[in-house]
Each structure stands twice: as structure tokens, then as C-alpha cells.
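In: Structure for this input, please:
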Amino acid sequence: MTLASNKGKAKAEDFEMTDLNPVITYRHVLQQNLGVRDPLRVVALCDSDAFFAACEMVRLGVTDKPLIVLQWEGIIAVNYPARKFGITRFQKLEEAKKCCPDLMIVHVATYKEGEAEPGYWDNIDSRTHKVSLDYYRRESVKILNMFKEGLPGAEIEKASIDEAFIDFTKPVRQALLQRYPYLAQVPPDAPSGLDTPIPAPPSVDWTSDSHLIPIHPDSETANQDLKTDPPTWHDIALHIAAEMMHKVRVDIANKLGYTTSAGIARNKFLAKLSASYRKPYSQTVLRNLAIPCYLRPLEFQKIRFLGGKLGEALVKEYDVSTVADLLPISLEELQEKFGESAVWIYEILRGIDRAEVKEKPPVNKSMMAAKALHRPITQVSDGPHWIRVLSGELALRLNDARKERPSLWPKTLTIHGGSRSNTANGWSSRSKQAPFPFIKEVTIDVIAAAGEKLWRELVGTGTGPIKINHIALAFTGIEAADDNQQSIDSFFANPSGLKRLREEEHDFSQTRPESPTRPRQCSPPSGQGPTSFTCPQCHKTFSLPPKTLSLIVDAEDRAQALEALKNEHDDFHFAQSVAREVEPEVKIDGADRTRVKPSSKTNAKPSSSKKPKKGHESEGIEKFFSRK
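Out: Numbering: from 1, shown residues only. Modelled structure (predicted):
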């Protein structure tokens, strides 16, 4: 008897799995919204086999050659032909070469300054290049779209770049009623109406398309169980889902060239476990009655969320290693020792997982490009190189997303800089952010211009030494813009639009209240009118771009364009006053740098501001991100 069983003193029902063959009633079959407690629930986890390596094989047209994928000097993916030589992701490159002299070695694509797209360059250097996973993301989207097209009615949740959970419950329910129409009507003589158990299920013809995990420990194959254990209705549901899963997996392999492996069970936890039972290019079905045989010998620290501190605490408390060792411990004892985590531990050890499969929103609210620097940034002038590299990744990802939803708009651009320090977590970091305007064509130059302004705010404009080990550029607040959203450049480039807006503005200005945060707008003088204005808040002069002036046909349009330019700049100050926060002191190479919100009374300027050179006038998007 284990120490766990001595401490737990639990009765048999405390650790026996008693929900493996629930009674299925007409209510279960006919109701559609039973959720995670549905006894006919079926969930699959589909995992792409050696995905990064498979992507490179498809790109290069390679079928059965040993291949590995590198990220700098580390092996991040090994295809199955290479695994036959004993090559693993934990080996060093030189060791892998010795295992297989004919090994194909591919480094992931990288960004470098001056290139709009990542590429596979001959001479890459971690000190000047940045890793790109965009090719793999694009291929992942193709696979996800095939799931959605091939499995109508299923709920699909992208779990990672190479995994997806699929809830088959609804399409399986539909197929169940089509194949067995007698389940769609409650018999007139049903003693309990909807709560009457449905008739016994028919036999199941399991084919070679799926591997079955054995029900009994002494079974050499799962097929032996089929002769002694009658099928359940949940087995029927699993069988239908397995047919659907097999078909879409074959389609993915034929059309895209990627093999996948899947696990099919009653919930996400068990589907994830069974997906790795047989690989590659296979699928495994875990029937309810086979759950005890599969879970009991499992090392519980291999279960997700039980491999960290919580798992270590269980080992320390009970000196155990397998699921079977922990089953005798009562729920009451777990609650006493582990508090709120106890119920989850108790249920997960019995194969119960109440997590839902939820499709993620089509729009990510943020995009980040980051770089851990092997050679720290030590001079302010070194920052723009990495800002352009990071801008390339952001531009590519946003424009890829805009192919599906052209109106996507990141409302904020943020820059992060981090350095090693003597703080509790070993790092100190700072960040700056600014509103990002709606622009139809977001290019590297546009993002880099905005990022460089934030960079100067982040580190100051001095020539003294700095040290930054990690830099990131991010879009946040990404959402679809209104259909009538107009970009800044198109606004100034359309004289007819200015005329229409002039009339609307004239009517509106008659009743528009004066805002205390806005400087009073003065009407332009007669004649040709001015082409520039000086902001009373930041004391900087802004001029209409020459391109805009060449498109303006009369003085009224010029006045309207200048008024619009003023309003854009006023909106910037308003957004700045809302978004900017007082930041704590951060030491960079011994120098205290404190960012303080400017006073509304004195219009004091931050110490990191940079005065424009005499005669220099900001143009285009630079106006929007001006910081004074």
C-alpha cells in the first residue's frame, strides 16, 4: 500500500471512475445545448507532424530526406526520416551531422534591414537579423481553414501554430440521428418520456483508420476488447467523429502535403494525451472504458499544469509518481492541502475535464515583434536598425491579416526596451506608446518613422551610453475600422472631399462648444491664406505638404486643409494626455531616467524631447507622431 493510500483512507467510490458508461436518454440525444457535461461529447486534438520541418519539406519539394530546422545554432524541428538516425531537438548541430552525414540543414527565414519580406539568406547573423516564423503561420492558417471547410458545424479552437482542438459534438449528433432515425422520436410507450433510456447500440465496425487504446491492461490489442466488451453509444459517437477526422486529415495531406496525427476522446485533456499515442500520420481513439487503463500508469507530472510547482508539491506531500498513486486520496484531503486547485486535481486524475472548445476571435487584438539581443544596444544611434527590422515583421503580419479583413486598424504603437538589472526578477523595462492613425497602406517606412520617435522618447536623445538587451515593437488595440473610416493621406489628397467637408464644418462650427483642451482655432486671413501654423501647446510649426498644396485649387480649400491639419494635431495632444502615464524611475547604466506627465499649466516638455532642427518641417505621418 502506498503512502498516499495510508494518508487518504478513502473509500472505493472516492477513487473509482464511475462515469465511464452513463445511461443515454432521449433527452441527451434530442437536446442541443448540454455543454461540457454532455455524455455524448466528442473532442479531438489534431497535431501537425514535425510541423516546421514539414513546412520546409513542402517549400523545398522534399519527401523522404532527413531534414532539420535550425534557429541560430539550436535545432527546433526534426523530420521523421532524420529521427530514424537518432537525431533529436536537444542535440548540438555537430552531433546531428555525425549521426547523418546526408542531413539537410535549413535555417528558418530571417528579417534583415532593408528587406520587405523575410528570406533564406546565405550569411545570417543573430547580431543583425531577426528570426521569422511567418511562413509557418501562413501554412498553419491554410490547415485551419481546411478544418473549417471540411468540418461544418464543429467548433474549432486553434491551440497553437500546429495544433487545433475540434469539438465534434454537434455534427456527430446530426449524423447520429440520420443514421439511426428511430432515436429522433420518443416512443409513445416510453415509461419516463424524454428521460427514458434509448435502445442498446448496434455493433461498431472499427477499421484500420484508427488505433484503439486497449480497455484491459492484459489486452495485447484493442480488438480483443471488442469481442468481450459490448459497444456503448459513446463508442458510436467516437466512431462517427473518427470517420470525419480521417477524411479531413487525408484531404490536408493530399492538398497541402502535411501529415497530421489526432486523438479523439470525450474531452480536451484526454484528446491531447491520446494524440501522441501513435505518430506520425495516424489517429487514436480513447473510449471511455479504456480511460482507467490508459491513465493509471501515467506519470502525473506529464499532465499539463501538473508538471510545475503543483506537481512538485504533490510529490513532496505524498511521495508518488503515477496517477494510480494519487487516486486513493480523497477530495476532502486534497482541499485541505491544496485549496482551490483540489477539485481540478481530483477530476483531472479521473479523466474529467470541463474546459470548453472555443473558437478564437478572427482578429488578434495585438501583434508583437521582439528581439532578444545577443549584442546589447549601447548607443542611441543603434536603435533605428532594430526598429526597421521589427517594423518589417509588423508590416508583413498586419498586411497578411488585412487580406482577410482590409479594414483592420491597430490603434496604438508601443515600443518596449528591457535590460538586465539588480531587480527581483533580474530585468528592468520601459515602454512608450502613441496613437497610430488609420492608414490604408502600412509600410515599413511608416511604422519605422513612428517607432523611431518613440525610441527617442524611450532612451532620450543624448549621446551617453545605454544598455538594452531586449527590444520589442507592438501593435495593440487592433480592430476593424468603420467602413467610412478615411485615412489621413486620402483626406488631404481629395480637393472635392475638402469642399464637402468645408460646408459641413461651417454648419457644425456654429454650435461646436469650445473645448478647454483645444487651442482656439482662428480663421485664416483673406487672400491666399497661410500654409502653416504653430501649435500653442508644443510650440512647433507644421506646414501643409507640397503634394497637398499642388492638389488644392483655391484659398478656401487651402484654409480647410490647414484647419484639418490643426484638428489632427489637436487630437494627438488629446490622445497623448489620456494615454501617457507617469512612469517609475528606471536606471540605465547608473542614470536615473524618469518620465513625468507634462503639466497642463506650464506645458512643460519631457526631458527626452528633441527640438527640431532649424528649417526642418515634419511631413506625412511624422506629424501625427511628433512629440514635444
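In: Show me the shaky parts of the stretch 151-300 of the chain.
Out: Residue ranges of the stretch 151-300 of the chain with pLDDT under 70: 219-227.
In: Which parts of it are strands?
Out: 155-160, 163-167, 211-212, 260-265, 283-285 (DSSP state E, counting those that start in this stretch).
In: and if you look at the stretch 401-550 of the chain?
Out: Shown for the stretch 401-550 of the chain, the strands assigned by DSSP E, counting those that start in this stretch span residues 408-420, 427-435, 468-480, 532-534, 541-543.
In: ok now the fourth one, how far from the chain's centre?
Out: Mean C-alpha position of strand 532-534 versus that of the full chain (CA atoms, centre = their mean, to the nearest Å) differs by 44 Å.
In: pLDDT on that strand, on average?
Out: Averaging pLDDT along strand 532-534 gives 76.
In: closest to G383 out of the strands of the stretch 401-550 of the chain?
Out: Closest to G383 of these, according to CB to CB: strand 468-480, at 7.4 Å. For glycine as for every other residue, the C-beta is placed from the backbone atoms N, C-alpha and C.
In: Could you list the buried residues of that closest one?
Out: For strand 468-480, a neighbour-count test (16 or more other CB atoms under 10 Å) marks 468-475, 478 as buried.
In: Which residue ranges make up the domains of the protein?
Out: 3-48+139-348, 366-485+580-623, 488-579 (automatic domain parsing).
In: Can I get stretch 274-287 in CSV, CA atoms only?
Out: C-alpha atoms of stretch 274-287 as CSV (Å, rounded to 0.1, in the frame of the first residue of the first chain):
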residue,chain,number,x,y,z
SER,A,274,-4.2,10.3,-27.0
ALA,A,275,-3.0,12.3,-30.0
SER,A,276,0.6,11.3,-29.2
TYR,A,277,-0.2,7.6,-28.8
ARG,A,278,0.7,6.7,-32.3
LYS,A,279,2.7,9.0,-34.6
PRO,A,280,3.1,10.1,-37.4
TYR,A,281,0.1,10.3,-39.7
SER,A,282,-2.3,8.3,-37.5
GLN,A,283,-5.3,8.9,-35.2
THR,A,284,-6.1,7.3,-31.9
VAL,A,285,-9.5,6.7,-30.3
LEU,A,286,-9.8,6.6,-26.5
ARG,A,287,-13.1,5.1,-25.5
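In: Now it: buried residues?
Out: Quick answer for stretch 274-287 (16+ other CB under 10 Å): 274-275, 277, 279, 282-287.
In: Nearest to R354 among those?
Out: Comparing those against R354 with CB to CB places L286 closest, at 17.3 Å.
In: re the thing from before, now the buried residues of stretch 274-287 as JSON lines including distance to N79?
Out: Formatted as JSON lines, the buried residues of stretch 274-287 follow (distance: CB to CB, whole Å):
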{"residue": "S274", "distance to N79": "23"}
{"residue": "A275", "distance to N79": "18"}
{"residue": "Y277", "distance to N79": "20"}
{"residue": "K279", "distance to N79": "12"}
{"residue": "S282", "distance to N79": "16"}
{"residue": "Q283", "distance to N79": "20"}
{"residue": "T284", "distance to N79": "21"}
{"residue": "V285", "distance to N79": "26"}
{"residue": "L286", "distance to N79": "27"}
{"residue": "R287", "distance to N79": "32"}
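In: Cross the residues you listed against helices and list the overlap.
Out: The helices, defined by DSSP state H, take in 274-275 from the buried residues of stretch 274-287.
In: list the contacts for S132?
Out: S132 makes contact with 108-111, 118, 393, according to CB atoms under 8 Å, 6 or more residues apart in numbering.
In: do the same with Y180
Out: With CB under 8 Å, 6+ apart, Y180 has these contacts: P202.
In: any idea how far R173 is from it?
Out: Counting by CB to CB, to the nearest Å, the separation of Y180 from R173 is 11 Å.
In: cool, I105 as well?
Out: I105 is 49 Å from R173, where distance means CB to CB.
In: And R59, how close does it get to G119?
Out: From R59 over to G119 the distance is 12 Å, taken as CB to CB.
In: any common contacting residues for these two?
Out: Common neighbours of R59 and G119 are not found (criterion: CB under 8 Å, 6+ apart).
In: before we move on, the earlier item: the more surrounded of I105 and R173?
Out: Using other CB atoms under 10 Å, the more surrounded residue of I105 and R173 is R173, with 24 against 13.
In: Which one of the buried residues of stretch 274-287 is nearest to D47?
Out: A275 (5.1 Å).
In: give me the number of residues near I198?
Out: Neighbour tally, I198, other CB under 10 Å: 20.
In: Please report how far L212 lies from C293.
Out: As judged by CB to CB, L212 and C293 stand 11 Å apart.
In: Of those two, which one has the most company?
Out: L212 (21 against 18).
In: now that one, which residues is it bridged with?
Out: V285 (DSSP bridges).
In: most neighbours per residue, which of the strands of the stretch 151-300 of the chain?
Out: strand 260-265 (a mean of 27; mean count of other CB atoms under 10 Å).
In: who does that one touch, helix- and strand-wise?
Out: Under the contact criterion of 3 or more CB pairs under 8 Å, 6 or more residues apart in numbering; DSSP states H and E, strand 260-265 touches strand 43-48, helix 233-256, helix 268-275, strand 283-285.
In: counting contacts, what elements does the third one pack onto?
Out: With contacts defined as 3+ CB pairs under 8 Å, 6+ apart, the secondary structure elements packing on helix 268-275 are strand 43-48, strand 260-265, strand 283-285, helix 291-295.
In: Let me have those in TSV, extended by distance to C535.
Out: Output for these, formatted as TSV (distance: least, CB to CB, whole Å):
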stretch	distance to C535
strand 43-48	54
strand 260-265	58
strand 283-285	64
helix 291-295	68
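In: still on that earlier bit, so which of the buried residues of stretch 274-287 comes closest to S126?
Out: Of the buried residues of stretch 274-287, the one sitting nearest to S126 (CB to CB) turns out to be K279, at 31.9 Å.
In: right, and A190 touches L183 too?
Out: No. A190 is beyond contact range of L183, at 12.0 Å (criterion: CB atoms under 8 Å).
In: overlap in contacts of those two?
Out: The contact sets of A190 and L183 overlap at Y26 (CB under 8 Å, 6+ apart).
In: Name the residue in the two with the higher neighbour count.
Out: Legend: neighbour count by other CB under 10 Å for A190 and L183, higher for L183 (19 against 15).
In: Could you report the distance from the more buried one to Q31?
Out: Distance, L183 to Q31, by CB to CB: 12 Å.
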